[in-house]
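> need a structure here:
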Amino acid sequence: MKKTYHVQGMDCASCAVNIEKKLSKMPGVQKAVVNLATEKATLEMDKEIPFETLQKTVASIGNYNLHEQTSEMEGHEHGAMLKKEEIKKLRNKMIFGIIISVLVMILSFSEFIPYLNALPKIVVFILMLNLATPVQIWLGWQFYKGAIGGLKSFSANMDTLIAVGTSAAYLYSVIATLFPGIFVAASQVVVTYFDSAVVILTLIILGKYLEAKARGKASDAIKNLIKLQAKTAHVLFNGLEKEVPIEEVKIGDLVVVRPGEKIPVDGEITEGESTIDESMITGESVPVDKKISDKVIGATINKTGAFTFKAEKVGADTVLAHIIKLVGEAQGSKAPIQKLADIISGYFVPVVISIALLSFILWLIAGANFVFALIIGVTVLIIACPCALGLATPTAIIVGTGKGAQEGILIKDAESLEKAEKLNVLCFDKTGTLTEGKPKVINFTDENTLSIAYALESKSEHPFALAIVNKAEEYKLKLVKAAKFKAQIGRGIEGEIAGQIYFIGNQELINEKGIEIPTPAKVKIQEEENTARSVLLLADAKNFIGYISLADTIKEESKEAIEKLKELHIKPILMTEDNSKTAEVVAALLGIEEYYAKITPDEKQKKVQALQAQGNKVGMVGDGINDAPALTQADLGIAMGTGTDVAIESADIVILKGDITKVVKTLMLSKRTMATIKGNLFWAFIYNIIGLPVAAGILYPAFGILLSPMLAAGAMAFSSIFVVLNSLRLKRARI
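Coordinates of the predicted model:
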């Protein structure tokens, strides 16, 4: 079983790593994934673990709190409420910190300010002590609490660095204020660093406030999806219409929808027809015409006519709820590229504390005074916070998967997004993927041929029969009554119209009946077959009457999609169960050089396996049950949402509409997202690689350059905000 929980109180990557390690070691937990950006913990368990047990385990690690959620929608709403409360608290702390920081900074420069320069130094120090203490207690408490919790579990995190760093500056200043004689006796100048302690805490809180606001924007995709849901529905009770909350709609209820209203749940139209805007679910901007027996999706907008539909899926079973669940799971998952950052974060804090102590000791050995060495150590602790490392990957994944959802592309997990970037071969099923999946009448001898075929095929459910009926209705032909139907298995059917026997089927059926086909008709039929069309022949008991050619037409966008794939240096391959001629023609029309015809589901899977054995990263695009083995075998399975549930469940990515260009958009989105992640990780690593030596004073002997703790705090806050803002750029990226 898999469950997701909201985690409150995480400050950095090492927080997430520590919680993940602790949860992973619990009996019954098979896998734990903790995501800093989404503030979620996803657990795969082989048995039910009481929530209280999980909550106590998480609380024992540090200043963390676990919250239960019954659904992705509820979890997001609860998480948003907690985030709102957190942002409000951070804002209040930030305002308080800024006010005190200004006052303390004024006192720090009192000797240059008229009237204040007359105050004795001890008075100034005491005033700063009184101002700094509330800041150290209120703003610093969350870091002390987290650091103490970390010590209990023998782990260190960002809270540890900040607590140690600011406490060192504050306590040194308290001693200098209350016991100045100690420093005088040691021939040391009496100075305080209340301003550093106060400004550092204020800058860190400011950074966390801005980061929390930015991270909220990163998860806008789910927030916007939840907003799509209708709040009420007009349900028929004994013929009378009543408005009820959407939660009260039950399967089987008849629901009335008027023009301009949102469709509340999923169902099937039973009365009326309309045009529906499904763009918010599928990403398709063109409204879709709907009539009786057509399916409707909850949260889409009824544009024109009024209609009644029967509710078929409600609550967590609707398409919208399923999308929200998939997007939420994807945003909470981890990409393999994040593993390096997690490993580094796990060791980062202890290493930084060691570097800070080493810097302090080495500067003392080099002859620096105690205060100078202490400030160096504090600066190292403050600048080295691993927040940016922890946010580099998940923020980009959140925005990338959210953008995909807006385009009608459902990415099931972060790993799938990473895999998509590495593909160099993409295999396509033909029917329903590159083609419409529904045969259409392309050509016919004359209206008399079509009229007779209409009468014979009107009772059949065969795809060819439906295509003939649709074409006849398009021509507004009158349906003539037929009787005495008899199926000729694998060849066609026969029936009687006005006392006359007719046959419609393949060449084998006509030959069996001994009916001669005129030479001109034979030539025309051959021409139709050469273009990969299926030809049905019509005859009466003695004479050939005519033919009807049908084909599963290629989707308009398929050729464009194949061309763009080639531009991305991805090789397209066609796999179909159709005959060689059909495969050859379709491949030629689309510009696909490699194709495989008359290939079974097992053979598709084996072909994918063979391509992988050659060192290729192979993707598979399909929509049917026959594609499921290949979708599972492929490095990345992409299912067209118009297909079967089996294919969709077997795939890693689902295209909600049958638009093949969305496959290309998926690959482009993957490349943009991975480029953003790599950029984020680069800057996060560079920031620490450059920042730590500078903070340790490496430039001071040669250039006199020394980083102050306050600048270090500002740089640390900026690094996290930069990573989040860089990820948010994906929202505006063109794919």
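> who does the longest helix anywhere in the chain touch, helix- and strand-wise?
Longest helix of the chain, by residue count under DSSP state H: helix 72-108. Applying 3 or more C-beta pairs under 8 Å, 6 or more residues apart in numbering; DSSP states H and E, one finds that helix 72-108 contacts strand 2-8, strand 65-67, helix 121-152, helix 194-218, helix 220-228, helix 319-332. Where you see a C-beta, it was placed from the backbone N, CA and C, and this is true even at glycine.
> need the winner for burial among these.
Comparing these by mean neighbour count (mean count of other C-beta atoms under 10 Å), helix 194-218 comes out on top with a mean of 24.
> quick one: mean pLDDT for that helix?
Mean per-residue pLDDT for helix 194-218: 78.
> centre of the chain to that helix, how far?
Chain-centre distance of helix 194-218: 27 Å, with C-alpha atoms, centre = their mean, to the nearest Å.
> what's the closest of the helices and strands packed on helix 72-108 to Phe372?
Between Phe372 and those, the tightest spacing by C-beta to C-beta is seen for helix 194-218, at 13.3 Å.
> that closest one versus helix 72-108: what angle between them?
For helix 194-218 against helix 72-108, the angle by axes from the mean of the first three to the mean of the last three C-alpha atoms, to 10 degrees is 160 degrees.
> where are the low-confidence patches of the stretch 451-600 of the chain?
Low-confidence segments of the stretch 451-600 of the chain, defined by pLDDT under 70: 489-490.
> try 90 this time
457-466, 480-494, 498-499, 505-514, 526-534, 541-542, 551-556, 576-586, 597-600 (pLDDT under 90).
> quick one, strands of it?
483-488, 492-497, 500-505, 534-540, 544-551, 571-575, 594-596 (DSSP state E, counting those that start in this stretch).
> export the ones you listed as a markdown table, with columns for mean neighbour count and distance to Arg258.
Converted to a markdown table, the strands of the stretch 451-600 of the chain look like this (neighbours: other C-beta atoms under 10 Å; distance: least, C-beta to C-beta, whole Å):
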| stretch | mean neighbour count | distance to Arg258 |
| --- | --- | --- |
| strand 483-488 | 12 | 43 |
| strand 492-497 | 20 | 44 |
| strand 500-505 | 20 | 45 |
| strand 534-540 | 21 | 44 |
| strand 544-551 | 21 | 40 |
| strand 571-575 | 22 | 45 |
| strand 594-596 | 17 | 49 |
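> how about TSV for those strands, with distance to Ile200 added?
Converted to TSV, those look like this (distance: least, C-beta to C-beta, whole Å):
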stretch	distance to Ile200
strand 483-488	85
strand 492-497	85
strand 500-505	85
strand 534-540	76
strand 544-551	72
strand 571-575	55
strand 594-596	62
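> among the ones you listed, which comes closest to Thr401?
strand 571-575 (25.2 Å).
> so which elements touch that closest one?
Applying 3+ C-beta pairs under 8 Å, 6+ apart, one finds that strand 571-575 contacts strand 425-429, helix 558-567, helix 580-590, strand 594-596, helix 601-613.
> one step back: tilt between the longest helix of the chain and strand 2-8?
Counting by the same axes, to 10 degrees, helix 72-108 points 20 degrees away from the direction of strand 2-8.
> follow-up on the earlier one: among the helices and strands packed on strand 571-575, which is nearest Ile655?
Taking the helices and strands packed on strand 571-575 one by one with C-beta to C-beta, helix 558-567 is closest: 11.1 Å.
> just the buried residues of that closest one, please?
Across helix 558-567, burial judged by 16 or more other C-beta atoms under 10 Å covers Ser558, Lys559, Ala561, Ile562, Lys564, Leu565.
> quick one, that helix and helix 580-590 angle?
70 degrees.
> picking up where we left off before, and the longest helix of the chain, how far from the chain's centre?
Distance, centroid of helix 72-108 to centroid of chain: 28 Å (C-alpha atoms, centre = their mean).
> can you lay out the buried residues of helix 558-567 as a markdown table showing distance to Gly390?
As requested, the buried residues of helix 558-567 are exported to a markdown table (distance: C-beta to C-beta, whole Å):
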| residue | distance to Gly390 |
| --- | --- |
| Ser558 | 42 |
| Lys559 | 44 |
| Ala561 | 37 |
| Ile562 | 40 |
| Lys564 | 35 |
| Leu565 | 35 |
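> give me the element the most centrally placed residue in the chain is part of.
Nearest residue to the geometric centre of the chain (C-alpha atoms, centre = their mean): Thr401, 2.2 Å. Assigned by DSSP states H and E, Thr401 falls within helix 387-406.
> next structured bit after that helix?
The helix or strand immediately downstream of helix 387-406 is strand 409-411, counting by DSSP H and E.
> which parts of the stretch 201-350 of the chain are strands?
Using DSSP E, counting those that start in this stretch, the strands found in the stretch 201-350 of the chain span residues 232-237, 240-245, 254-257, 266-272, 274-277, 288-290, 295-296, 301-302, 307-313.
> for Lys325, give its distance to Ile246.
From Lys325 over to Ile246 the distance is 17 Å, taken as C-beta to C-beta, to the nearest Å.
> ok, Ile99 - contacts?
Contact criterion C-beta atoms under 8 Å, 6 or more residues apart in numbering gives no residues in contact with Ile99.
> how about 10 Å then?
Residues in contact with Ile99 (C-beta atoms under 10 Å, 6 or more residues apart in numbering) are Leu131, Val135, Thr202.
> and which of these is nearest to Ala185?
Using C-beta to C-beta, those come closest to Ala185 at Leu131, 27.8 Å.
> do you know the pLDDT at the closest one?
Note on Leu131: pLDDT of 95.
> kindly report the same for Val646.
Model confidence at Val646, given as pLDDT, is 56.
> the one 3 residues further on now?
If you check Glu649, the pLDDT there is 67.
> can you pull the pLDDT of the residue nearest to the centre of the chain?
At Thr401, pLDDT is 86.
> isn't it right up against Lys412?
Yes - counting by C-beta atoms under 10 Å, Lys412 is a contact partner of Thr401 at 9.2 Å.
> identify the contacts common to those two.
Common neighbours of Thr401 and Lys412 (C-beta under 10 Å, 6+ apart) are Leu326, Val327, Glu329, Ala330, Ser333.
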